[in-house]
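[1] Please find the sequence and the predicted model below.
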Amino acid sequence: MLKKTTIIAAFLILTSAAKATAIPARTVYENDANSSAIELKVWKGYGLTINLMSTGETIKQVWIGDPSRFAFTSNGGLCPSSGGDSECVGGKATVIFLRQIDPIDFPVSTSGDGSTQITLLTSQKQYQFKIVPATGNPAYTSLVVKSDSDRPLPITRLRTPLPVTVEKPQSAPPVVHQPSPPPQTITVQKPQPVAVFRPNPGTTLDGAIQRNDANALAFGLAEAGRKGQVKPGSTTWNKVQDAIKLLRRGKTRDEAISLSQVDKTTFNQLLEWGQL
């Protein structure tokens with residue numbers, strides 16, 4: 001019976017120890033600890049360690065605003081704030097252990113919830129935390145202050161690239177046995193017979209003729225695209241577009257053909273279709 005009781009007791013001790021070691025530690029980084037007011041809870045019966053080992057700093061001094069509810073110890077001797085680490089008696093302190101104590105009647109002003117402020121003066125900087133007494137099961141029993149160089153890089157989520165929409169040149173409409181609607185891609189209206197502006201003998205209407213040629217060429221190109229003779233977006237299509245622009249700028253037909261490098265036969269054919 002005694003042996004069975006001993007086994008049960010040992011099992012309970014091991015179970016309790018496993019639960020204790022499963023309590024996670026809380027982690028902050030130097031800049032976060034210095035730039036924001038961090039609140040720490042000190043659970044009764046568990047205490048809280050403030051660990052600065054990762055930063056490589058030495059704790060010089062520790063002050064608690066209201067020492068009537070909390071006490072602390074360190075893993076080394078506290079050093080004079082103006083002295084070097086060699087003057088630390090008992091080794092350098094890098095960890096502080098806080099614990100709750102039965103309230104002491106000190107003539108100091110205390111907060112309603114028993115919270116106060118703890119200040120840690122290190123060899124490089126000063127840390128301040130708000131400490132609050134707590135009871136029950138702790139969410140953490142250790143605060144680890146890490147160097148900012150240990151801060152993990154932000155996780156970049158791999159985003160599925162959005163599909164790239166490529167505008168394909170308009171293909172010629174299917175051949176049907178019914179009249180097709182006029183092409184909508186060219187906004188230039190088909191010149192009317194009276195708008196050809198053919199000059200009378202002895203008159204100079206070169207500018208009007210060239211603009212009319214540009215309109216006729218544009219309409220002829222649209223007709224060629226509709227018939228599938230010239231594929232929109234092709235080299236020939238682009239050259240004809242350049243020729244249209246040149247005509248509208250006042251260039252002659254020969255100049256437009258030469259500068260745009262469009263095939264002369266194609267140019268004349270499209271111009272003829274546009275003048276029908």
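    Now that the structure is in, tell me what you want to look at. Just so you know, these numbers come straight off a predicted model, no measurement behind them. Residues are numbered from 1 along each chain as shown.
[2] Please make it C-alpha for all contacts and neighbour counts, starting now.
    Will do.
[3] Make sure Glu272 is indeed in a helix.
    Yes: when DSSP: H, G, I helix; E, B strand; the rest coil is applied, Glu272 is found to be in a helix.
[4] Output stretch 23-34 as PDB, restricted to C-alpha atoms.
    C-alpha atoms of stretch 23-34 as PDB (Å, rounded to 0.1, in the frame of the first residue of the first chain):
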ATOM      1  CA  ILE A  23       4.100  27.800 -19.100                       C
ATOM      2  CA  PRO A  24       5.300  29.900 -22.000                       C
ATOM      3  CA  ALA A  25       7.700  32.800 -21.700                       C
ATOM      4  CA  ARG A  26       6.800  36.300 -22.900                       C
ATOM      5  CA  THR A  27       9.200  37.900 -25.400                       C
ATOM      6  CA  VAL A  28       9.800  41.600 -26.200                       C
ATOM      7  CA  TYR A  29      12.500  43.400 -28.100                       C
ATOM      8  CA  GLU A  30      14.600  46.200 -27.000                       C
ATOM      9  CA  ASN A  31      13.000  49.000 -29.000                       C
ATOM     10  CA  ASP A  32       9.500  47.800 -28.000                       C
ATOM     11  CA  ALA A  33      10.500  47.700 -24.300                       C
ATOM     12  CA  ASN A  34      11.900  51.200 -24.500                       C
END
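[5] buried sites along it?
    Within stretch 23-34, the residues that count as buried by 16 or more other Cα atoms under 10 Å are 28-30, 33.
[6] quick one: contacts of it?
    55, 126-128, 138-148, 151 (Cα atoms under 8 Å, 6 or more residues apart in numbering).
[7] which residues touch Lys142?
    Quick fix: residue 142 is Ser, not Lys. Residues in contact with Ser142 (Cα under 8 Å, 6+ apart) are 24-26, 48-51.
[8] With distance to Asn238 and secondary structure as new columns, can these be given to me in a markdown table?
    As requested, the contacts of Ser142 are exported to a markdown table (distance: Cα to Cα, whole Å; DSSP: H, G, I helix; E, B strand; the rest coil):
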| residue | distance to Asn238 | secondary structure |
| --- | --- | --- |
| Pro24 | 69 | coil |
| Ala25 | 69 | coil |
| Arg26 | 67 | strand |
| Leu48 | 77 | strand |
| Thr49 | 76 | strand |
| Ile50 | 74 | strand |
| Asn51 | 72 | strand |
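[9] What is the nearest of those residues to Arg211?
    Using Cα to Cα, Arg26 comes nearest to Arg211 of the contacts of Ser142, at 79.1 Å.
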